[in-house]
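K.L.:
return a 3D structure for these sequence lines:
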Amino acid sequence: MPIITVPTAAGHRPPIKAVFFDLDGTLVSFQTHAVPHSAEQAIKRLQEQGIKVLAATGRSLDALGPVRYLNFDGFITYNGGCCVTADGHVLQRHALDPEDVQRLLAYTAHQPFPYVLMYEDRVAVNQTTPEMEAMYTRLNLPVPPVVAREKTDITQVLQANVFLGPEAELAFMQQVMPHSVATRWTPLFADVNPQGISKRVGVDVFCQHFGLEVSETMSFGDGGNDVTMLQYTGLSVAMGNAAQPVQDSADYVTAEADQDGIAQALRHFGLL
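P.N.:
Purely as a prediction, here's the structure:
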């Protein structure tokens, strides 16, 4: 059953004027690679009420094709590294420190593991493995091309994915990428972004753009990279498939995506 931890009466909170949705595992089903019909209809209902609907994802800009038909009002991509309006205007863009990227290349030359480098217009990997291929299959995305270390552009990398386990993450980040921050939604790899960048920062960017108060926002998520956003928005919902720390960071825990979790939570808070 859903867990509610805050009062829900509409009269005791500001009206919600914008809703931020994580994509994979939240709005997009891992099983079907599609947005459930109930979530599509829920988003349409929000839009009919004049509520802004925004995507908040670790995906790159060129990986948004499967959800663009929902007519989002904006996109937080690369976990806040690049925020873009519906008509393509870039509100914010922050790249990884080139020194951190250079150290990543040098480190993996001697202690090899897979990584992904995400630019505004392309994605590249240093090698492919069965685990990486399985991850891209799970996201219904093509495996990016392999780019040799000596041909790698270390500038303008908006996000990296490093295929390290959680137990190795802290030491690696301190030693190799000290100007960056790691979050993860899977034990398989960590998302690496510039220090100070998060989905919470993306929420602020769009609040400023639309002239909204943070108390007038709501967010949905299921992964560790959603926690800053869930803890920040006026209302927050964790999906039923989320790990316990993610659920603990939200006001409400709903069902999984394929069990109509989006619509269920919006009805709970009186938005449908």
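K.L.:
now the most centrally placed residue in the chain. Nearest residue, chain neighbours left out?
P.N.:
In the chain, the centroid-proximal residue (C-alpha atoms, centre = their mean) is Thr57; its distance is 2.6 Å. Leaving aside its chain neighbours, Thr57 sits nearest to Leu23 (4.3 Å; criterion: C-beta to C-beta, 6 or more residues apart in numbering). Every residue, glycine included, has its C-beta placed from N, CA and C.
K.L.:
mind listing what the one you found touches?
P.N.:
Residues near Leu23 by C-beta atoms under 8 Å, 6 or more residues apart in numbering: 55-57, 59, 67.
K.L.:
hmm, try it at 10 Å
P.N.:
Leu23 sits next to 35, 55-59, 63-64, 66-67, 75, 77, 139, 220-222 when contact means C-beta atoms under 10 Å, 6 or more residues apart in numbering.
K.L.:
repeat that for Gln195.
P.N.:
Counting by C-beta under 10 Å, 6+ apart, Gln195 makes contact with 94, 96-97, 100, 177-181.
K.L.:
now those in CSV, with pLDDT and neighbour count?
P.N.:
Below are these laid out as CSV (pLDDT from 0 to 100; neighbours: other C-beta atoms under 10 Å):
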residue, pLDDT, neighbour count
His94, 97, 18
Leu96, 98, 27
Asp97, 98, 17
Asp100, 98, 20
Met177, 98, 24
Pro178, 98, 12
His179, 98, 15
Ser180, 98, 25
Val181, 97, 17
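K.L.:
okay, now the domains of the protein?
P.N.:
Annotated domains of the chain cover 3-94+197-268, 98-194 [automatic domain parsing].
K.L.:
hey, which of those is tucked in deepest?
P.N.:
Of all the domains of the chain, domain 3-94+197-268 has the most neighbours on average by mean count of other C-beta atoms under 10 Å, namely a mean of 20.
K.L.:
which residue is the nearest non-sequential neighbour of Leu139?
P.N.:
Leaving aside its chain neighbours, Leu139 sits nearest to Asp24 (5.9 Å; criterion: C-beta to C-beta, 6+ apart).
K.L.:
averaged pLDDT, stretch 155-165. What do you get?
P.N.:
Taken as a whole, stretch 155-165 has an average pLDDT of 96.
K.L.:
correct me if wrong: Gln127 contacts Phe113.
P.N.:
Yes - shown here, Gln127 and Phe113 form a contact pair, counting by C-beta atoms under 10 Å, at 8.6 Å.
K.L.:
now, the contacts of Leu23 that are in helices?
P.N.:
Among these, no residue falls in helices (DSSP state H).
K.L.:
Val157: which element?
P.N.:
Using DSSP states H and E, Val157 sits within no helix or strand.
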